[in-house]
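> Show me the folded form of this:
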Amino acid sequence: MKKATDLRELLRQSAQFVDQTVTVQGWIRNHRKQKNFGFIMFYDGTIAADLQIVYDTETPDFEGIQKITNGSAITVEGVFRTSPGAGQGYELYATAIKVEGTAPEDYPLQPKKHSLEYLRTIGHLRPRARLFQAAFRVRHVAAQAIHTYFRENNFVYVHSPIITANDAEGAGEMFQVTTIPLEKLKGEPDYKRDFFGQKAALTVSGQLEAEIFAMAFKRVYTFGPTFRAENSNTKTHASEFWMIEPEMAFCDLEGLMDVEEDYLKFVVRYVLENAPEELAFLDKYCGGGLIDKLTALVESEVARVDYHDAIDLLINSGVEFENEPTHGGDLAKEHEKYLTDVAFQSPVFVKNWPKEIKAFYMKDNGDGTVAAVDMLVPGAGELTGGSQREDDYNKLKVRMDEVHSTDSLSWYLDLRKYGGCTHAGFGMGFERLLIYLTGIENIRDVLPFPRTPGTCDF
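Next comes the predicted model:
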């Protein structure tokens, strides 16, 4: 047989293959058998589209082909041609079909509707389902988009540590890393005798380490796994997830928002252009509106509003919110939805937040607020969070003494002591972005191998 052609190439460049003999390799999604012919719905994972393979009694080993089951791996040689069937662009008329690997009759992914809950129980097989083929290819394309954006804008990719001694956000919900034999432990552990000579944990953020490199390379970003030992079972929480965290020297809050807007629009546009088949499938899966939502974001301007004014808008809206908006309080999902869908009818930056509800490293504005900003987008709410970082050594030290251990982060203060400058950065949860891009509501279904309380398979 000839060298195999990927379906991605075959279907995207179909005109040059029509009436040509080609070879494809992949798997059977569905096999419909008739007395004198049969139809195989075939996929190879290179594109979120299937190809119908037609065979008949003229095809060698017709009887053997009729016995091939769903889920089997096959190599097919045949003539690629336009399909006479309604709604089908092309099909492959098989001249030879070779079985590479069989699947038993009880193959768990039969051609019927399966619930997402069921598919999570067969995590080793669910990447073969149409939904997850679309979702995980969008994940791949979005990751490419992120690296492309930062490369084209002269950011340096920094691999921040996964094992760390600092709790960047002061939340305390970290997975501890130790070689101390816990089954023999009596009383408090002596961390000086542990592997690293101190208490260590899996990172919750690469931001602080990224700031180190921003003071040397001007513009940097991290993109890697982060961990939270938060016992939460919501649709948007996972114990292991990926974060994108850019840091920029000589950048203030307004410059940060410029980059955030440019970055998000670039990524969304890139996915629209490079995963059209996947988005078309996901749009249909979601009941329509997904592609329109993403296109609208690319074409819209992101509004900017102070936190104080945003709260006033909510209070004076006349809407009876389940959670009453108050000055000094955080925004609930319903508040975010009102701001994006009603008040501004566009994405919106909410900036200059109360100092008491934000992290210690954010720039003090001197009026009880810090130079923090959240980007809210229609249909998803908060998508990114960032701030101008505190660059005043004395102010930062006072704040760290109030809420953090200054001793363990003395090096962080040194960044202000030795050639510090105005700088800013933001963080975006990759899976939160994917929920927005795919329309899939549960974070467990945009993670290849979700880690949640009680779940650590594979």
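> quick one: the helices in the stretch 201-350 of the chain?
207-217, 253-274, 276-285, 290-299, 307-315, 333-338 (DSSP state H, counting those that start in this stretch).
> What about the nearest residue to T179 once chain neighbours are set aside, how many residues nearby?
Counting by C-beta to C-beta, 6 or more residues apart in numbering, T179 lies nearest to F195, which is 4.3 Å off, once chain neighbours are set aside. Using the backbone N, CA and C atoms, a C-beta is placed for each residue, glycine as well. By other C-beta atoms under 10 Å, the residues close to F195 number 12.
> Now for F195: which residues touch it?
V177, T178, T179 (C-beta atoms under 8 Å, 6 or more residues apart in numbering).
> On the three-state scheme, M174 is what?
Following DSSP: H, G, I helix; E, B strand; the rest coil, we place M174 in the coil state.
> So for the closest residue to it other than its chain neighbours, what pLDDT did the model give?
Excluding its sequence neighbours, the residue lying closest to M174 (C-beta to C-beta, 6+ apart) is A201, at 3.8 Å. Listed pLDDT for A201 reads 92.
> Show me what A201 is bridged to.
T164, Q176 (DSSP bridges).
> these two touch, right, it and D167?
Yes - using C-beta atoms under 8 Å, A201 is in contact with D167, at 7.3 Å.
> shared neighbours, the two?
M174.
> where does the stretch 301-450 of the chain have low pLDDT?
Where the stretch 301-450 of the chain drops to pLDDT under 70, the residues are 404-406.
> What helix or strand is K112 located in?
Assigned by DSSP states H and E, K112 falls within no helix or strand.
> How many residues are close by it?
When neighbours are counted by other C-beta under 10 Å, K112 comes out with 6.
> Now do the same for it: its pLDDT.
Confidence score, pLDDT, at K112: 90.
> With R193 instead?
For R193, the model assigns a pLDDT of 89.
> phi, psi of D194?
The phi/psi pair for D194 (degrees, to the nearest 10) reads phi -80, psi 170.
> can you tell me which residues contact it?
Counted by C-beta under 8 Å, 6+ apart, D194 has contacts T178, T179, I180, A200.
> Just the buried subset of these, written out for ChimeraX, thanks.
Applying 16 or more other C-beta atoms under 10 Å to these leaves a buried subset, and the ChimeraX line that selects it is:
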select :200
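> Include secondary structure when you put the contacts of D194 into TSV, please.
Formatted as TSV, these follow (three-state DSSP):
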residue	secondary structure
T178	coil
T179	coil
I180	coil
A200	strand
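> Just flag the most distant two among the contacts of D194.
The span of these, defined through C-beta to C-beta, is set by I180 and A200 at 11.0 Å.
> Could you pull out the helices in the stretch 51-200 of the chain for me?
62-66, 116-121, 130-152.
> Deepest-packed of these, please.
Ranked by mean neighbour count under mean count of other C-beta atoms under 10 Å, the helices of the stretch 51-200 of the chain are led by helix 130-152, which reaches a mean of 19.
> now the angle from that helix to helix 253-274?
130 degrees (axes from the mean of the first three to the mean of the last three C-alpha atoms, to 10 degrees).
> hmm, who's touching helix 130-152?
29, 43, 45, 47-48, 116, 119, 126-127, 157, 221, 223, 244, 246, 263, 266-267, 270-271, 274-275, 277-279, 281-282, 285, 430, 433-434, 437-438, 440, 445-446, 448.
> 7 Å instead, please
Outside helix 130-152, the residues that touch it by C-beta atoms under 7 Å, 6 or more residues apart in numbering are 45, 48, 126-127, 157, 221, 223, 244, 246, 263, 266-267, 270-271, 274-275, 278, 281-282, 285, 433-434, 437-438, 440, 445-446, 448.
> Check these for burial and list the buried ones.
In the contacts of helix 130-152, burial by neighbour count holds for 48, 126, 221, 223, 244, 246, 263, 266-267, 270-271, 274-275, 278, 281-282, 285, 433-434, 437-438, 440, 445-446, counting by 16+ other C-beta under 10 Å.
> returning to what we had before: the helices of the stretch 201-350 of the chain: which one's closest to E77?
Per C-beta to C-beta, nearest to E77 of those: helix 276-285, 24.2 Å.
> The closest one - contacts with which helices or strands?
helix 130-152, helix 290-299 (3 or more C-beta pairs under 7 Å, 6 or more residues apart in numbering; DSSP states H and E).
> Could I have the CA atoms of stretch 339-347 written out in CSV?
In CSV, the C-alpha atoms belonging to stretch 339-347 read as follows (Å, rounded to 0.1, in the frame of the first residue of the first chain):
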residue,chain,number,x,y,z
LEU,A,339,-21.2,44.1,33.8
THR,A,340,-20.3,42.2,30.6
ASP,A,341,-23.7,41.4,29.2
VAL,A,342,-25.8,44.5,30.3
ALA,A,343,-23.8,47.4,31.5
PHE,A,344,-21.0,47.4,28.9
GLN,A,345,-22.2,44.7,26.4
SER,A,346,-18.5,43.8,25.9
PRO,A,347,-15.5,42.5,27.7
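> quick one: which of the helices of the stretch 51-200 of the chain is nearest G425?
helix 130-152 (12.4 Å).
> got the angle between the closest one and helix 276-285?
Between helix 130-152 and helix 276-285, the angle comes out at 130 degrees (the same axes, to 10 degrees).
> And the pLDDT for M41?
The confidence metric pLDDT takes the value 97 at M41.
> Checking my notes, it in a helix, right?
No - the assignment for M41, made by three-state DSSP, is strand rather than a helix.
> what's it in contact with, if anything?
R29, N30, D50, Q52.
> so who does the first one touch?
Residues near R29 by C-beta under 7 Å, 6+ apart: M41, F42, Y43, D50, N70, P111.
> run the last query once more with 6 Å
M41, Y43, D50 (C-beta atoms under 6 Å, 6 or more residues apart in numbering).
> Could you check the pLDDT of the last one?
Predicted confidence (pLDDT) for D50: 95.
> Any idea how many residues pack against the closest residue in space to D364 that isn't next to it in sequence?
Leaving out its chain neighbours, the residue that sits closest to D364 by C-beta to C-beta, 6+ apart is K395, at 5.4 Å. Using other C-beta under 10 Å, K395 has 14 other residues around it.
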